[in-house]
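Participant: Sequence first, then the predicted structure, then my questions.
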Amino acid sequence: MAKGQYEAIIGLEIHAQLLTESKIFCGCSTTFGAEPNTQVCPVCIGMPGVLPVLNNKAVLYTIKTGLALNCRISPYSRFARKNYFYPDLPKGYQISQYELPLCEDGYLDIEIDGDIKRIGIIRIHLEEDAGKNIHDGEHSLVDLNRAGVPLMEIVTRPDIRSPKEAAQFMKRLRQILRYLGVCDGNMEQGSLRCDANVSVRPVGSTEFGVKTEIKNINSFRFVEKALEYEIERQIKVLDRGERIIQETRLWDSKTETTQSMRSKEEAHDYRYFPEPDLVPVEISKETVEGIKRTLPELPQQKVERFMKQYGLPAYDAMFVTEELSIAEWFERAVNLGGAPKTIANWIMGELSRLLNEENKGFEENPVTPEALVRLLKLIDEGTISQKIAKTVFEEVYKTGRSPEEIVREKGLIQITDESFIERSIEEVLNKAPKEVERYRAGEEKLLGFFVGQVMKLTKGKASPGLVNELLKKKLIGEGEKR
């Protein structure tokens with residue numbers, strides 16, 4: 001069968017490390033980047049006789065996420081032991097949740113090619129993270145700093161039908177988690193990662209095919225590429241008349257292929273049973289309502305408000321709300337008197353360009369909203385031109401100095417002296433007699449050429465508005481005399 005005769009069935013399991021100061025069952029720090037095995041204690045390295053104590057903030061953060069993702073919050077949940085043996089799991093089991101998770105039956109809407117698609121969420125449960133294996137040539141080392149870091153697992157329904165949808169779901173989820181302040185979403189550091197379950201079936205079929213699981217994908221691009229490869233691989237296997245093997249596979253970003261890791265485990269392979277050292281978690285309605293009142297304005301709500309309140313086009317509103325830090329910066333600038341559309345243009349244009357050139361996130365932006373608004377005031381007052389403003393803005397970005405100071409020091413004040421501009425226009429027109437004739441013969445688009453030449457002659461300092469006005473008078477006036 002051709003590729004177009006199959007459809008993919010995809011479900012995601014997203015693991016998000018929670019932004020708590022301490023681990024889920026002990027007081028060890030969760031700070032990333034410490035020396036290996038320096039943030040450990042008898043509890044998180046599984047010493048005999050120790051007892052876990054549940055981190056209350058981890059529970060509250062999980063409920064907060066569940067509410068933001070339209071989940072039902074379970075009034076009663078409990079932890080279980082998930083038994084498996086691996087070098088980075090010091091106890092020989094992981095404390096997780098199984099049949100009674102904290103959050104169930106939610107959804108997240110994503111936009112694909114202009115259409116809204118709803119992706120169901122089966123459950124969100126809380127568990128402890130494992131450590132990290134480090135393979136160095138002939139040796140394998142284990143760093144247990146990450147063991148016991150609170151981990152939230154978000155499991156979707158198999159509603160996703162393409163790699164593009166999977167990547168978009170991940171992007172939207174990361175955005176919400178960052179807005180909530182429950183996870184930093186840093187995929188490079190592993191604080192947000194994804195396992196993808198994928199199968200294929202003939203179009204029109206209602207039965208699911210045999211699925212494979214792709215483990216620990218840590219970027220949006222890799223989610224998309226890993227799924228594209230695996231879907232194509234499964235189709236080729238079926239077209240050869242062979243069977244798909246249910247297994248766990250790893251994504252190799254160097255070869256851009258998935259590789260078999262082990263046969264896929266089922267729930268019974270983990271021998272789940274209730275965690276005897278932790279009491280069940282009971283969540284009152286009052287607790288849920290209290291957490292609900294702390295929810296911030298979420299990204300889609302902010303997009304809609306920015307369009308209505310500030311008159312932004314949909315694209316602009318989505319851009320400036322992509323990160324909470326951008327949205328807050330934008331609103332501060334508007335509240336200081338900046339025109340919303342103009343502020344958005346500077347964020348999407350010059351500011352984004354400078355940050356991208358240095359591979360910086362918006363949190364590292366050195367320009368304050370106050371500085372941009374003062375710069376825009378200099379443009380409105382006619383002190384500098386739009387072109388000069390870009391030069392000044394870059395200098396503000398690099399030095400942190402005020403726009404006014406930079407303009408004074410570099411002598412960038414806009415020229416509004418009409419006699420000076422007229423002399424410059426005369427010089428430009430005298431050097432381009434053929435273009436002047438063409439303009440007067442009807443080629444009005446040449447006006448832009450003349451403006452550009454005048455601005456070049458005046459080193460960008462002449463007032464563009466005055467240049468346009470005086471050029472038209474000169475060209476039309478001289479033509480009438482003839």
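Facilitator: Everything's here; your move. Residues are numbered from 1 along each chain as shown.
Participant: the helices in the stretch 301-450 of the chain, which residues?
Facilitator: 314-320, 324-335, 340-346, 352-357, 369-380, 386-399, 403-410, 418-430, 433-440, 447-457 (DSSP state H, counting those that start in this stretch).
Participant: Could you give me the buried positions within the first one?
Facilitator: Okay, so that is helix 314-320. For helix 314-320, a neighbour-count test (16 or more other CB atoms under 10 Å) marks 316, 317, 318, 319, 320 as buried. (C-beta placed from N, C-alpha, C; glycine too.)
Participant: gap between that helix and the chain center?
Facilitator: A distance of 14 Å separates the centroid of the chain from that of helix 314-320, by CA atoms, centre = their mean, to the nearest Å.
Participant: Would you mind writing the CA trace of that helix as PDB?
Facilitator: Extracted as PDB, the C-alpha positions of helix 314-320 are listed here (Å, rounded to 0.1, in the frame of the first residue of the first chain):
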ATOM      1  CA  ALA A 314      -3.800  37.400  15.500                       C
ATOM      2  CA  TYR A 315      -0.200  36.800  14.400                       C
ATOM      3  CA  ASP A 316       1.200  39.700  16.500                       C
ATOM      4  CA  ALA A 317      -0.900  38.600  19.500                       C
ATOM      5  CA  MET A 318       0.400  35.100  19.300                       C
ATOM      6  CA  PHE A 319       4.000  36.200  18.900                       C
ATOM      7  CA  VAL A 320       4.000  38.500  21.900                       C
END
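Participant: thinking again about what came up before, nearest to residue 54, of the helices of the stretch 301-450 of the chain?
Facilitator: helix 324-335 (28.4 Å; CB to CB).
Participant: Count residues in the vicinity of the nearest residue to residue 354 once chain neighbours are set aside, would you?
Facilitator: With CB to CB, 6 or more residues apart in numbering as the criterion, residue 354 has its nearest non-adjacent residue at 5.1 Å, and that residue is residue 397. Counted with other CB atoms under 10 Å, the neighbours of residue 397 add up to 18.
Participant: contacting residues for residue 397?
Facilitator: 351, 354, 366, 367 (CB atoms under 8 Å, 6 or more residues apart in numbering).
Participant: so where's the stretch 1-150 of the chain uncertain?
Facilitator: Of all residues in the stretch 1-150 of the chain, those with pLDDT under 70 make up the ranges 1-3.
Participant: give me that answer again for 90
Facilitator: Low-confidence segments of the stretch 1-150 of the chain (pLDDT under 90): 1-4, 84-87, 113-114, 133-140.
Participant: tell me the domain ranges of this structure?
Facilitator: 3-290, 295-410, 418-481 (automatic domain parsing).
Participant: Please report the distance of the residue nearest to residue 354 from residue 459.
Facilitator: Distance of residue 397 to residue 459, given as CB to CB, to the nearest Å: 21 Å.
Participant: if I read this right, residue 372 contacts residue 346, doesn't it?
Facilitator: Yes - applying CB atoms under 8 Å as the test, residue 372 and residue 346 come out as touching, 6.0 Å apart.
Participant: what is in contact with those two at once?
Facilitator: Contacts common to residue 372 and residue 346, judged by CB under 8 Å, 6+ apart, are residue 393.
Participant: Which one's more surrounded, these two?
Facilitator: The residue with more neighbours, out of residue 372 and residue 346, is residue 372; 25 against 20, by other CB under 10 Å.
Participant: in the stretch 151-300 of the chain, which spans are strands?
Facilitator: 192-202, 212-217, 247-252, 257-263, 273-274, 281-282 (DSSP state E, counting those that start in this stretch).
Participant: Show me which positions of the third one end up buried.
Facilitator: Neighbour counts over strand 247-252 (16+ other CB under 10 Å) mark 247, 248, 249, 250, 251 as buried.
Participant: From residue 388, how far off is the residue nearest to residue 354?
Facilitator: Taken as CB to CB, the span from residue 397 to residue 388 is 15 Å.
Participant: Same question for residue 157.
Facilitator: Distance from residue 157 to residue 388, by CB to CB: 55 Å.
Participant: Check residue 321 too.
Facilitator: 30 Å.
Participant: Residue 253 too?
Facilitator: 45 Å.
Participant: More neighbours: these two, which one.
Facilitator: residue 388 (20 against 13).
Participant: my guess is that one contacts residue 458, does it?
Facilitator: No - using CB under 8 Å, residue 388 is not in contact with residue 458; the gap is 10.7 Å.
Participant: in the stretch 251-400 of the chain, which segments are predicted with low confidence?
Facilitator: For the stretch 251-400 of the chain, the ranges with pLDDT under 90 are 253-254, 260-270, 379-388.
Participant: Residue 224: how many residues sit nearby?
Facilitator: 19.
Participant: OK, contacts around it?
Facilitator: 163, 164, 166, 167.
Participant: Name the nearest of the residues you listed relative to residue 58.
Facilitator: Nearest to residue 58 among the contacts of residue 224, with distances taken as CB to CB, is residue 166, at 26.6 Å.
Participant: returning to what we had before: need the strands of the stretch 151-300 of the chain in CSV (columns: distance to residue 241).
Facilitator: Below are those laid out as CSV (distance: least, CB to CB, whole Å):
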stretch, distance to residue 241
strand 192-202, 14
strand 212-217, 18
strand 247-252, 19
strand 257-263, 20
strand 273-274, 42
strand 281-282, 50
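Participant: out of those strands, nearest to residue 132?
Facilitator: Comparing these by CB to CB, strand 212-217 comes nearest, at 10.7 Å.
Participant: buried stuff in the closest one?
Facilitator: 212, 213, 214, 215, 217.
Participant: of the residues you listed, closest to residue 14?
Facilitator: Of the buried residues of strand 212-217, the one sitting nearest to residue 14 (CB to CB) turns out to be residue 217, at 9.9 Å.
Participant: Who does that closest one form a beta bridge with?
Facilitator: residue 194 (DSSP bridges).
Participant: and if you look at residue 111?
Facilitator: residue 116.
Participant: What is the neighbour count of it?
Facilitator: Considering only other CB under 10 Å, residue 111 is surrounded by 12 other residues.
Participant: same thing with residue 435?
Facilitator: Residue 435 - counted by other CB under 10 Å - has 16 other residues nearby.
Participant: Now do the contacts for the nearest residue to residue 475 once chain neighbours are set aside.
Facilitator: Excluding its sequence neighbours, the residue lying closest to residue 475 (CB to CB, 6+ apart) is residue 439, at 5.9 Å. By CB under 8 Å, 6+ apart, the residues touching residue 439 are 446, 447, 450, 475.
Participant: Check residue 439 and give its pLDDT.
Facilitator: The model reports residue 439 with a pLDDT of 83.
Participant: Repeat that for residue 413.
Facilitator: For residue 413, pLDDT reads 66.
Participant: Quick check: the spatially closest residue to residue 187 that is not a sequence neighbour vs residue 383, distance?
Facilitator: Distances taken as CB to CB, 6+ apart place residue 218 nearest to residue 187, at 4.7 Å, with adjacent residues excluded. With distances taken as CB to CB, residue 218 is found 49 Å from residue 383.
Participant: Pretty sure residue 270 sits against residue 85.
Facilitator: No - using CB under 8 Å as the test, residue 270 is too far from residue 85 to be in contact (10.9 Å).
Participant: more crowded one of the two?
Facilitator: residue 270 (17 against 7).
Participant: Check the offset of stretch 393-411 from the chain's centre.
Facilitator: With CA atoms, centre = their mean, you get 31 Å for stretch 393-411.
Participant: With stretch 303-317 instead?
Facilitator: Using CA atoms, centre = their mean, the offset of stretch 303-317 from its chain centre is 19 Å.
Participant: what's the answer for stretch 332-348, then?
Facilitator: That offset, for stretch 332-348, works out to 21 Å (CA atoms, centre = their mean).
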